[in-house]
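**Q** model this:
(one chain, ligands or ions: 1)
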Amino acid sequence: MSVSASAENSRSGLLPIVVLASGRGSNLQALIDARDAGALPVEICGVLSDKPKCQALQRARDAGIPTFALSARDYADRASFDQALFARIAEFSPRLIVLAGFMRILDPTVVAAFAGRMINIHPSLLPKYPGLHTHQRALDAGDEKHGSSVHIVTPTLDAGPVIAQAQITIQADDNAETLAARLLPLEHRLLCACIALIARDRIQLAADDWCYDGQHLQRPLQLGADGELSSR
Ligand code: GRF
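**A** Sure thing, here's the model as predicted:
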């Protein structure tokens, strides 16, 4: 099953999504704010976390969104944790699952069960720098550009097809903190713009593939200064 503006969604006009987060939750907050501003036609059905005390859950509670948390230490292994987490997610009947700072590797079984219905935001210009410490790795490599990517989640970490990217130029005096701080507002716009296009059925997702207005593109959509995604 792929994500599209199904009959079910078009009745309310809102795409039902679930957000997974582990920490600060600034991307979640950007989604909430865009939704409230009428710029993001989604229903945020639930926010789930592996960190019961994280700020993301508090942001969700403040916004009146149902939350659910589980601790890895209560489960014997990754597979049983993920099965419990995704059983709870399924109860929300989301059409799209958004990993927004969710800091766990997912078991391939649950990824397969939601193939083509799960996206992640990652702070690098994938395929460069999957995993952690992306800002420092871009600096260490002497890169001119850095950025963030939204991609389809597949069983291999940060390796699914990249749908859209935001880019910044690395300055001579940048360090990992300044890069992260400059990138974060763009990440927020990138994630909101990408989900808005999915909700409006301009982007169609499949298990290992995506289309923009029904067309396969040669490269990811790019975030412009106007906050919009384009194929240029
Ligand atoms: C973001 O940089 C995102 O790209 C990465 O984790 C961070 C989450 O930030 N996956 P926040 O918790 O949304 O503030």
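
**Q** give me the residue at the spatial middle of this protein.
**A** In the chain, the residue lying closest to the centroid (Cα atoms, centre = their mean) is Asn120, at 3.3 Å.

**Q** which parts of stretch 20-38 are buried?
**A** Neighbour counts over stretch 20-38 (16 or more other Cβ atoms under 10 Å) mark 20-23, 25-32, 34-35 as buried. All C-beta atoms are positioned from the backbone trio N, CA, C, and that covers glycine.

**Q** ok, and which of those residues reach the ligand?
**A** 21, 23, 25-27 (Cβ under 6 Å from any ligand atom).

**Q** identify those among those residues that sit within helices.
**A** With DSSP state H as the criterion, helices contain 26-27 from among those.

**Q** Ala79: which of the ones next to the ligand among the buried residues of stretch 20-38 is nearest?
**A** Nearest to Ala79, judged by Cβ to Cβ, of those is Ala21 at 21.4 Å.

**Q** residues in the protein within reach of the ligand, list them.
**A** Proximity of the chain to the ligand, by Cβ under 6 Å from any ligand atom, involves residues 21, 23-27, 56, 100-101, 121-123, 148, 187.

**Q** one more pass at 8 Å, please.
**A** Residues of the chain lying close to the ligand by Cβ under 8 Å from any ligand atom are 21-30, 55-56, 99-103, 120-123, 148, 180, 183-184, 187.

**Q** which of the residues you listed fall within strands?
**A** Judged by DSSP state E, the residues of the chain next to the ligand include 99, 120-122, 148 as members of strands.

**Q** of those residues, which is the most crowded?
**A** Ser148 (26 neighbours; other Cβ atoms under 10 Å).

**Q** look up how far Leu125 lies from Ala206.
**A** For Ala206, the distance to Leu125 (Cβ to Cβ, to the nearest Å) stands at 23 Å.

**Q** the two - which one has more neighbours?
**A** More crowded of Ala206 and Leu125, by other Cβ under 10 Å: Leu125, with 21 against 16.

**Q** what sits closest to that one if chain neighbours are left out?
**A** Of all residues not flanking Leu125 in the chain, Gly147 sits nearest, at 4.4 Å (Cβ to Cβ, 6 or more residues apart in numbering).

**Q** run through the residues that contact that neighbour.
**A** By Cβ atoms under 8 Å, 6 or more residues apart in numbering, the contact set of Gly147 is 124-125, 165-168, 183, 186.

**Q** for the nearest residue to the residue nearest to the centre of the chain once chain neighbours are set aside, what are its contacts?
**A** Using Cβ to Cβ, 6+ apart and skipping residues adjacent in sequence, the residue nearest Asn120 is Leu99, 4.0 Å away. With contacts defined as Cβ under 8 Å, 6+ apart, Leu99 is in contact with 20, 118-121, 153.

**Q** try 7 Å this time
**A** 20, 118-120, 153 (Cβ atoms under 7 Å, 6 or more residues apart in numbering).

**Q** what's the answer for Glu43, then?
**A** 14, 16.

**Q** show me how far the host helix or strand of it is from its chain's centre.
**A** Glu43 belongs to strand 42-49 when assigned by DSSP states H and E. How far strand 42-49 lies from its chain's middle: 12 Å, per Cα atoms, centre = their mean, to the nearest Å.
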